[in-house]
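*Asks:* After the sequence you'll find the predicted model.
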Protein chains: 2
Amino acid sequence: MYLTQSIKRNAQLYPNKFSTLCGVRRRTWVELTERVAKVAGALQELGVKSGDRVAILALNSDRYYEAYFAVPWAGGVLVPLNIRWSVNENVYSLEDSGCTLLIVDETFKETAREILEKTDCIQTIIYVGDGETPEGMLNYEVILEAAEPAEDAMRGYADLAGIFYTGGTTGFPKGVMLSHQNLWASSISIMAGLNLQAPDSIYLHAAPMFHLADAAISIANTIAGSTHAFIPAFEVSRAVEAIAEYGVTDVLLVPTMISMMLASPALAEADLSSLRKVFYGASPMPEGTLRQVMEKLPGVAFYQAYGQTELAPLATILGPECHVLEGPNAGRLRSAGRAGYCVELNIVDAEGKNLAPGEIGEVAVRGPNTMLGYWNNPEQTKAALIDGWVMTGDAGYLDEDGFLFLVDRVKDMIVSGGENVFSAEVESAISRHPAVHEVVVIGIPSERWGEAVHAIVRLKAGGEATEQVLIDHCRHHIAGYKCPRSVEFREEPFPMSGAGKLRKVDLRKPYWEGKGRAIN
Amino acid sequence: MYLTQSIKRNAQLYPNKFSTLCGVRRRTWVELTERVAKVAGALQELGVKSGDRVAILALNSDRYYEAYFAVPWAGGVLVPLNIRWSVNENVYSLEDSGCTLLIVDETFKETAREILEKTDCIQTIIYVGDGETPEGMLNYEVILEAAEPAEDAMRGYADLAGIFYTGGTTGFPKGVMLSHQNLWASSISIMAGLNLQAPDSIYLHAAPMFHLADAAISIANTIAGSTHAFIPAFEVSRAVEAIAEYGVTDVLLVPTMISMMLASPALAEADLSSLRKVFYGASPMPEGTLRQVMEKLPGVAFYQAYGQTELAPLATILGPECHVLEGPNAGRLRSAGRAGYCVELNIVDAEGKNLAPGEIGEVAVRGPNTMLGYWNNPEQTKAALIDGWVMTGDAGYLDEDGFLFLVDRVKDMIVSGGENVFSAEVESAISRHPAVHEVVVIGIPSERWGEAVHAIVRLKAGGEATEQVLIDHCRHHIAGYKCPRSVEFREEPFPMSGAGKLRKVDLRKPYWEGKGRAIN
């Protein structure tokens, strides 16, 4: 149960098969494993010792893939930085995790300089770009060439493998500590759940490699012996070109990427005949999108995966048999799927008691994939990990066959007059009104109801609606107790986090200040 | 990474699907999980505490299957006893492992009495048979019915799951300690390696359930959500009846069982149309047998697995693509396959140095499946587990694509004049002589060669051959240095262990006594 095992196995079973396809660079499993041993040697020569954290800030490439194995081979812990974050957030992550070594590519060489200006924790920067090596940085290929191959440090099992920073919606990011066991158990369960055991597969890294969604499917494909192809970042034209050029069979996309592909003229001329599987996560597939993409890609099997970083990241998988618009499984398209092979999943009430099928509560997950905890943060670890269960913060229910249906974030749930109201359901109802551009629903204090349902609405340019009109509109769509008691109109945009997530906490704040309820 | 997780997951995903089919008893996953919780409650009421060992001596049944989960659910450690061993060997295992509770069935109720006469370690006997409950024993269904369901003790990860006694060929059995992690990592790798992810599969327990070959494929099928069917023990007529009756899709057989089936008149009338996969282990499939069985079962996929108890038990798997008589993979039928998903496998010389493809050495395996060690036996643990590697005692080589070819047991290898001679190869050559009934080849002391190749031959009734005739015969088949220097004829049978294995050590003994070489 150590990440380096799978690349050594692949070098033995598929010595001359390609491990990585990246632009003009194509390398076999034997070459990859030899390079990983040499990069590990270079890292050790630069002072990386057992348990030391090594950060990487880069777009997708074969060298990023090598880092996932070279860092543990050297005995280190990988810290993949979020390419969408501000310099401040990444400086926080670097200082919090105590990194002294940073790997950057061409795209982030300037960011690296900004980081150096703001913190002095970084001693060494390794440049994995193909341009001229920036002053003060070490060139990856040069140090690799010069290095003696290291012996595998045999980091594994409960040893820390990586720190994955997440959150950022509320306050500073939290460093999710994942062990080799966490990543391996999750990834082999993903491999089996997505039926990846076909060593002629070619997996395209189109989603960002710092994110655990790509990382886990990448490790799953490594266990399976698949070839890895890379594009620096998702763009429709680059993705469809890469699929045709490399003969890509498997790809991970989020539903918006699929929508972008469907909307693009590039799709009409593209040769996607090699595609066999599309994995997606983060959100369910809208039915309209599914209908379209199934027409465009009739031979492709779709798999949805749901999880979170704290679960390395597997919770559930929805297979192709449920990506259908007719038959007994049709309604399951709105489901997030069923527990992965290594996963124990329950729906629990506020006291942690298991709920029956159909009852809504918080999704709790336990298994070998549940994180070690948050780095340097025992308090938040204690709140998130209860008796080995990760409390996901997602509200949902199970049907009689174990299919999970998500309804809301737990913290966005409103308890009004003893009834649970899911803000997502109310938002969906209000947004159907033609005058409404955007809406957020929150709970606000109420003497009578405990919490009252409150809607904050931005109207379309020229759109007209009053509080009463919107409340009446809701009565046609949802039960009375779910309808807003009050509606507020605003013109300015809703507050968003750096990661592009809505900050409901900021909207609730003015109502709850001094009222003693935790609002985030 | 705990064995109980998979049955809880199956109860959630497949609540009304059958978990077990055993004679007239058919139980769903929900029923099974409820029964397991109650058996665990009964075991706790009988005093089973965390880490306590619970032994079972029984033929195959649904209740044996329940024990594999109820014992860890109660917090205990399962000790499956070898149904082929003598009372003395099992008494040794019970005392060595410190069991106080023994589960027996109808077949072994008398053996249980004999055990009680020879040891006073056993305090409680649970009877899982369907006859009248023997005096002094507790009836399984009665105590189950009366018990409160226990909370899952959540034994898992590096916790001891079972002690599996093995060896017996030389001296007393050794208790192989396997953790939950060992069994889970091996089993999910087996599940993926055998492509078991089809919850409509029905697996027949035809091989004995005390043996880790069945146990691991059983756990793999449990992770996969397959239904389990049982016959008490292998008999051709019972096996083919069960396949037809239950609609069995998957079965584990050893090559001799397959030969027995092919030779049986029962096969002609049998309906085996439900069979999709046959797994076999212990020895490669003879080409003649394969040719016959492929004709009889044209739609069936064959998988060979090689391993040993110390590896929980996975080392390698040979897939159906190599069970062919023509094409590029034809020669691979003689191979034991390639490293399983969780396995790191090397061929090493006497100093532990890795050997190149084609070079013969000892098979060494490392991974999450390698045992914790031998129970109560740190010395033998130290000899068998070197830096996490299990030294298998098997000699073999890898081809360029990582296929393992086994040639001999390391201890049966003869080093003669600096050359390695594999007794199995010489035995194979001599056995082709028409007068030879059985042959064993060993190394005996030689001043000139260090060791000299020596054959001990039993001739067929009426068969005639001299020492020189057999040596000359060998020269036609193998290189000169491999031919025996001396041949000895004997009439009495070769010495066998209780487990039916040849005891070469007894044959070497008279030659080596006082010569200072370790002979076992």
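*Replies:* Here it is on my side, so go on.
*Asks:* Now name the helix or strand holding the residue nearest to the spatial centre of chain A.
*Replies:* Chain A has A:A213 as the residue nearest its centroid, 4.5 Å off, counting by CA atoms, centre = their mean. Here A:A213 sits within helix A:212-224, counting by DSSP states H and E.
*Asks:* Tell me if that helix is near chain B.
*Replies:* Yes - against chain B, helix A:212-224 shows contacts by CB under 8 Å from any CB of the partner chain at A:I223. (C-beta placed from N, C-alpha, C; glycine too.)
*Asks:* ok, and for that helix, which residues are buried?
*Replies:* For helix A:212-224, a neighbour-count test (16 or more other CB atoms under 10 Å in any protein chain shown) marks A:212-224 as buried.
*Asks:* Repeat that for stretch A:466-480.
*Replies:* A:470-471, A:473-474, A:478.
*Asks:* now swap in stretch A:370-383 and tell me
*Replies:* A:370-375, A:377, A:381.
*Asks:* quick one: which of these sit in strands?
*Replies:* Of the buried residues of stretch A:370-383, the ones assigned to strands by DSSP state E are A:373-374.
*Asks:* just curious, which of the buried residues of stretch A:370-383 is nearest to A:H228?
*Replies:* Distance to A:H228, by CB to CB, is smallest for A:M371 among the buried residues of stretch A:370-383, at 25.1 Å.
*Asks:* dump the residue contacts of the closest one.
*Replies:* A:176-178, A:182, A:309-312, A:385, A:390 (CB atoms under 8 Å, 6 or more residues apart in numbering or on different chains).
*Asks:* Tabulate these in TSV, adding columns for distance to chain B, pLDDT and secondary structure.
*Replies:* Shown next, in TSV, are those (distance: CB to the nearest CB, whole Å; pLDDT from 0 to 100; DSSP: H, G, I helix; E, B strand; the rest coil):
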residue	distance to chain B	pLDDT	secondary structure
A:V176	19	98	strand
A:M177	16	98	strand
A:L178	15	98	strand
A:N182	10	98	helix
A:T309	20	96	helix
A:E310	17	97	helix
A:L311	14	98	helix
A:A312	13	98	coil
A:L385	14	94	strand
A:V390	14	96	strand
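*Asks:* Just name the closest of these to B:P484, please.
*Replies:* A:N182 (56.0 Å).
*Asks:* count of neighbours near that closest one?
*Replies:* A:N182 is flanked by 29 other residues according to other CB atoms under 10 Å in any protein chain shown.
*Asks:* likewise A:V487?
*Replies:* 22.
*Asks:* Now stretch A:22-31: buried residues?
*Replies:* Here stretch A:22-31 shows A:22, A:27-31 as buried, counting by 16+ other CB under 10 Å.
*Asks:* Report the two members of those separated by the largest distance.
*Replies:* Top of the distance list for those (CB to CB): A:C22 and A:V30, 16.9 Å.
*Asks:* picking that back up, which member of the buried residues of stretch A:370-383 is positioned nearest chain B?
*Replies:* A:T370 (10.8 Å; CB to the nearest CB).
*Asks:* Could you give the bridge partners of the nearest residue to that closest one once chain neighbours are set aside?
*Replies:* Counting by CB to CB, 6 or more residues apart in numbering or on different chains, A:V390 is the residue found nearest to A:T370 once chain neighbours are left out, at 4.8 Å. Under DSSP bridges, the beta-bridge partners of A:V390 are A:V365, A:L385.
*Asks:* from what I can see A:V390 touches A:P313, true?
*Replies:* No - in this structure, A:V390 is not within contact of A:P313 by CB atoms under 8 Å, at 10.4 Å.
*Asks:* more crowded one of these two?
*Replies:* Using other CB under 10 Å as the criterion, A:V390 and A:P313 rank with A:P313 on top: 27 against 23.
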